[in-house]
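Chemist: Fold the following and give me the result.
(one chain, ligands or ions: 2)
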Amino acid sequence: MNSSRNAALLKHNQPVPRYTSYPTAPNFEKVFAEDTVSGWMRDITPDEPVSLYFHVPFCKKMCWYCGCNTKATAQYAAVEDYLVYLRKEVDLVTQKHQGRLNVAHIHFGGGSPSYIRPDGFDALMDHIRARFNLLSDAEVAIELDPRETSEAKVAAYAKAGVTRASLGVQDFNRTVQQAINRVQPLHLVYEAVETLRQYGIDAISFDLLYGLPNQTVENVKQSVSLAAALNPDRIALFGYAHVPWMKKHMRLIDEESLPGALLRLEQFEAARQILCEKGYQEIGLDHFVRPDDQMAIAHIAGRLQRNFQGYTTDGASTLIGFGPSAISSYADGYSQNTPDLRSYTKRILENKLPVARGLAPTADDRLRRGIISSLMCYGAVDLSDIVAEYDCGQPDFAIELGKLKELEQDGLVLVDGSRITVNKNAPQACRLVAAAFDTYLTPKKQQHAQIA
Ligand SMILES: C[S@@+](CC[C@H](N)C(=O)[O-])C[C@H]1O[C@@H](n2cnc3c(N)ncnc32)[C@H](O)[C@@H]1O
Ligand code: SF4
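Modeler: Ligands and ions are numbered 1, 2, ... in the order given. Predicted structure coming up:
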């Protein structure tokens, strides 16, 4: 079974998006009016809780595999300066409203939010609390680099109301760590987890990677077992996306040491088996969660969502992103801040929203977004049910279903009337099936990583 599934995935291996939104960010319009976004902000219903995302585009040192929007700097002054602009952006956004908006969810991502020193984090959180009404049961999540997580920082997070920490673990093997310029001994991760738990931050997620240089099935199994032994509630197991034409520092990785597509599939499968044996539940493409974790509960209840950070339990219909490259999602559309730090600071100094791109989805986009979201979160969709939800005519999806024929022959998907179900043992195929419904996808664009 595994060999035929692997053969099918390799046959269909191609670069398609990971669909954290639909339409995906590369298809946003390149010039987008700040006024349009201001209007969307003003239209937020005052009582409706919103979510906030804060991007911190700095790291002390560059990991060579990194695909994030970040910059390596040893100068903390750059981070301090940045925090001033970030607070200013919060002011620019909140000035659009008379009262304070309710906030149910905050996520600090990057880059490395854990680069921010305790006093800087305190000041940022105080500012957020002054400008928004943070609900008492709000989830406040932060991405942490275990190499720079200190007790003083964790104490500041606890005091500020952080409830969830997501640790960049990647891999525990030293040879792998050396090949990615991220030497991070096991004890650092262990100590970070212990300190977080001591301070009451016990919702803990780990990021792990497969497909890294020097990784083998055996050492991936060891890393995953060690990770599970620390008992995080969630583990995100991402396939390394090697895109050196987009991220020049990835050229520092020796391509000879990268596992090929078949080995990557075997690594994922081995890791998946261990995590399932250890009691984790598989969610979507790349998440493994404890059965009592909120994500497992949301999954069963049909409330699982996908946003720009990946899978989420966050049900808010408005997400406001702050910082360069941050994406916002409003009832009427998406907008993205300029990814360039200089342009970002210039715009903030001019008292302008740093919006660079955006898109107002059409009715057809919204219908397809519903289909793609269901496929990415649940590996299944009933086209009749979705069509009934949207006022968009009665499309027969003949072209899309035609594209699925070969995937079906190869056992990756089952089409039964209007119901499409992706093979549970090939979650990677969700991206392929979703891509069949993506009217923006053009084969020539090499912006995405392969599915295997
Ligand atoms: C912003 S980092 C996490 C926080 C912190 N900067 C750290 O690394 O510890 C986000 C995560 O994205 C994942 N990631 C980064 N580059 C990637 C790539 N090229 N392919 C797949 N996942 C990647 C890593 O697992 C990483 O932990
Ligand atoms: S993986 Fe995290 S720490 Fe490493 S460069 Fe990327 S954002 Fe920075």
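
Chemist: CA only for contacts and neighbour counts going forward, please
Modeler: Will do.

Chemist: where exactly do the helices run in the stretch 51-200 of the chain?
Modeler: The residue ranges that make up the helices of the stretch 51-200 of the chain, judged by DSSP state H, counting those that start in this stretch, are 76-94, 118-131, 151-160, 174-179, 186-198.

Chemist: Same list (the ones you listed) but as TSV, adding distance to ligand 1.
Modeler: Formatted as TSV, the entries for the helices of the stretch 51-200 of the chain read as follows, by distance: least, Cα to the nearest ligand atom, whole Å:
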stretch	distance to ligand 1
helix 76-94	14
helix 118-131	16
helix 151-160	15
helix 174-179	12
helix 186-198	10
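
Chemist: Please convert the ones you listed to a markdown table, extending it with distance to I297.
Modeler: Shown next, in a markdown table, are the helices of the stretch 51-200 of the chain (distance: least, Cα to Cα, whole Å):
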| stretch | distance to I297 |
| --- | --- |
| helix 76-94 | 32 |
| helix 118-131 | 29 |
| helix 151-160 | 25 |
| helix 174-179 | 34 |
| helix 186-198 | 22 |
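
Chemist: closest to ligand 2 out of those?
Modeler: Closest to ligand 2 of the helices of the stretch 51-200 of the chain, according to Cα to the nearest ligand atom: helix 174-179, at 11.3 Å.

Chemist: quick one, strands of the stretch 201-350 of the chain?
Modeler: Along the stretch 201-350 of the chain, the segments classed as strands by DSSP state E, counting those that start in this stretch run 203-210, 234-239, 281-283, 287-289, 305-307, 310-312, 319-322, 327-330, 333-337.

Chemist: And the residue of the chain closest to ligand 2?
Modeler: Nearest to ligand 2, among the residues of the chain, is G111, at 3.6 Å (Cα to the nearest ligand atom).

Chemist: contacting residues around the nearest residue to L86 once chain neighbours are set aside?
Modeler: Residue nearest to L86 in three dimensions, not counting chain neighbours: G323, with 6.2 Å by Cα to Cα, 6 or more residues apart in numbering. Contacts here follow Cα atoms under 8 Å, 6 or more residues apart in numbering; on that basis G323 touches F54, H55, V56, P57, L86, E89, N337, Y344.

Chemist: next structured bit after whichever strand or helix holds M376?
Modeler: Remark: M376 resides in helix 363-378, with elements defined by DSSP states H and E. The first helix or strand that comes after helix 363-378 along the chain, using DSSP H and E, is strand 380-382.

Chemist: for the very next helix or strand once past that next one, packing partners?
Modeler: Remark: after strand 380-382, the chain's next helix or strand is helix 383-389, criterion DSSP H and E. Helix 383-389 is packed against helix 363-378, strand 419-422, with contacts defined by 3 or more Cα pairs under 8 Å, 6 or more residues apart in numbering; DSSP states H and E.

Chemist: mind redoing it with 6 Å?
Modeler: Contacting helix 383-389 under the criterion 3 or more Cα pairs under 6 Å, 6 or more residues apart in numbering; DSSP states H and E is no other helix or strand.

Chemist: for the record, mean pLDDT for that helix?
Modeler: Mean pLDDT, helix 383-389: 93.

Chemist: Pull out the buried positions in that helix.
Modeler: Using 16 or more other Cα atoms under 10 Å as the test for burial, helix 383-389 gives L383, I386, V387.

Chemist: Repeat that for stretch 35-49.
Modeler: Buried residues in stretch 35-49, counting neighbours by 16+ other Cα under 10 Å, are found at T36, V37, W40, M41, R42, I44, P49.

Chemist: How about stretch 213-231?
Modeler: Those would be 213-217, 219-225, 227-228, 231, for stretch 213-231 by 16+ other Cα under 10 Å.
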